[in-house]
Structure formats: C-alpha cells, structure tokens
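In: I'll drop the sequence and a predicted model, then ask my questions.
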Amino acid sequence: MIHIFRNYLLIPLLLLLAGFGIATYGVLFPTDTLVARVLTYENVMLALQQHMGLMFVSMFGAIIVGVLVGIMLSRPKLYYLGRGVENVVNVGQTVPSLAVLALFFTILGLGFRVAVFALFLYSILPILRNTFAGIIAVPDSIIESAKGMGMTPYRILTKIELPLAFPIIVAGIRTAVVINVGAATLATFIGGGGFGDLIVTGLSVGRTMVIVSGASLAAVTAIMLDYIVGKIEESIVKWA
C-alpha cells in the first residue's frame with residue numbers, strides 16, 4: 001500500500017494541493033477589491049472546467065486520428081507518402097499555436113467548438129509523427145522473421161510493430177498533452193475560455209496576482225497530466 005501511494009499517488013496529491021493552494025491564496029488574500037472580484041472560487045472552477053474540456057475533447061480526437069493515420073502511412077504501399085507527410089508535420093509543428101487559433105477564427109468564427117478544432121489539429125502533429133516514426137523504426141529483420149513464421153500483416157502490426165513502437169507513440173501523446181494545455185490558454189482570444197481568461201483579464205487590468213494564478217494553475221495542470229500519462233505508459237509497458 002505504501003509502495004502504491006509513493007509511486008502513483010504522492011506526486012498527483014502534491015500537485016493537487018499546490019493547485020488548491022494557489023487558487024485558495026488568491027481568493028482569500030486578494031491584493032485589492034478588483035482582484036477579489038476576479039479571483040473567486042466560481043471563476044477559478046469555471047476556468048478549470050473549460051480548460052479541461054478543451055484539452056480532453058481535442059486530445060481524444062487527436063489520439064484516435066493521429067494514431068490511425070500514422071499507422072496507415074507506415075504501411076509499405078504508403079511509405080513514401082508517409083515520409084512526405086512527416087516532413088509537412090515537422091514544418092507544421094513550428095507554426096505558433098496562436099497563429100493556428102487565429103487562422104481558424106478567421107474561417108470558422110468564435111466559440112468553444114472552434115477552439116477545440118484548432119487544438120485538435122495542433123495536437124495531432126506530434127502523435128502522428130511519433131506513431132509513424134516508431135513503427136517504421138522496427139528493424140526489418142524482425143518483420144522478415146515474423147513473415148517467415150507465417151504471421152499475417154495484421155498480426156505483425158498488432159503483435160510486433162505496435163508493441164515495439166508503443167513507447168515512442170506514448171512519448172508523442174505526452175508531448176501533445178503538454179502542448180495542448182499550454183495552447184489552450186490562448187483559446188480565450190477566440191471565446192474558448194479556460195485559464196487564459198484569468199491571464200488575459202489580469203493583463204488587461206494590470207493585476208499580477210490574477211496573471212500568476214492563471215498561469216500557475218495551467219502549469220500545474222500540464223505537469224500533472226504529463227505525470228499521469230507517463231505512469232500509464234510505464235504500467236502498460238510492464239504489462240505487455
């Protein structure tokens with residue numbers, strides 16, 4: 001029991017306490033009445049719900065589409081197309097997240113759904129790239145041995161390629177999660193809500209406490225989610 005607590009629950013618990021402490025301090029000890037009106041439990045919880053909603057919905061779609069497309073492009077018949085897509089993805093990853101949000105704002109308008117769609121596209125990139133790279137990195141000698149044993153392409157994919165590529169795929173998912181949480185703070189500019197509302201409000205009224213509260217809560221969320229995904233990766237790898 002102590003081993004499980006130390007290895008799986010201690011860090012999330014400490015991060016939860018840190019997030020709760022940041023929110024509580026801002027609510028209980030505001031620097032002035034303006035900060036007191038902005039930093040309330042209702043506003044902080046609303047920002048948390050919006051931020052997690054943006055992240056979970058966009059990441060759910062990004063993981064499914066990114067992994068499936070990465071697998072499809074890794075097939076021998078589409079290998080060269082996959083290489084081209086990989087180069088495009090590498091270039092696309094250099095585009096600032098604010099530029100992606102601004103682009104879809106001009107096309108689709110404002111709102112939560114537009115922010116989710118933009119974050120979905122931005123989060124696909126590292127997942128697709130790592131899925132493709134992980135599968136094609138499987139040594140040819142292993143694939144040839146599997147074929148010699150009479151394994152079908154489907155069984156080779158599910159029993160050999162995906163298990164060997166799994167750590168690389170999950171590394172892409174972890175990267176996407178952290179990028180997504182950070183980029184979601186910019187969703188406020190297109191009406192998506194989240195912790196970005198607190199940051200922008202603090203900037204507009206010139207209150208450092210509000211800015212620090214919003215940014216700190218977003219950072220704690222990113223660290224916690226990265227830790228959780230990492231533990232899931234370790235557990236599945238050991239099980240496999």
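Out: Sure, I can see it.
In: excluding chain neighbours, what is closest to the residue positioned nearest the centre of the chain?
Out: Nearest to the geometric centre of the chain sits Val177, at 1.5 Å (Cα atoms, centre = their mean). Closest residue in space to Val177, ignoring its immediate chain neighbours: Leu225 at 5.1 Å, by Cβ to Cβ, 6 or more residues apart in numbering. From N, CA and C alone the C-beta is placed, and that goes for glycine too.
In: quick check: that neighbour vs Ile169, distance?
Out: Separation of Leu225 from Ile169 (Cβ to Cβ, to the nearest Å) stands at 17 Å.
In: ok, those two, which is more surrounded?
Out: Set Leu225 next to Ile169 and count neighbours by other Cβ atoms under 10 Å: Ile169 wins out with 24 against 21.
In: got a list of what the more buried one touches?
Out: The contact partners of Ile169, by Cβ atoms under 8 Å, 6 or more residues apart in numbering, come to 67, 70, 127, 130-131, 134, 162.
In: can we see that at 7 Å?
Out: Ile169 is in contact with 67, 130-131, 134, counting by Cβ atoms under 7 Å, 6 or more residues apart in numbering.
In: that one and Asp140, how far apart?
Out: From Ile169 to Asp140 the distance is 20 Å (Cβ to Cβ).
In: what's the next secondary structure element after the helix or strand bottoming out on mean pLDDT in the chain?
Out: Using mean pLDDT, DSSP states H and E, helix 2-4 stands out as the lowest-scoring helix or strand of the chain, at a mean of 67. Sequence-wise, the next helix or strand downstream of helix 2-4 (DSSP states H and E) is helix 10-28.
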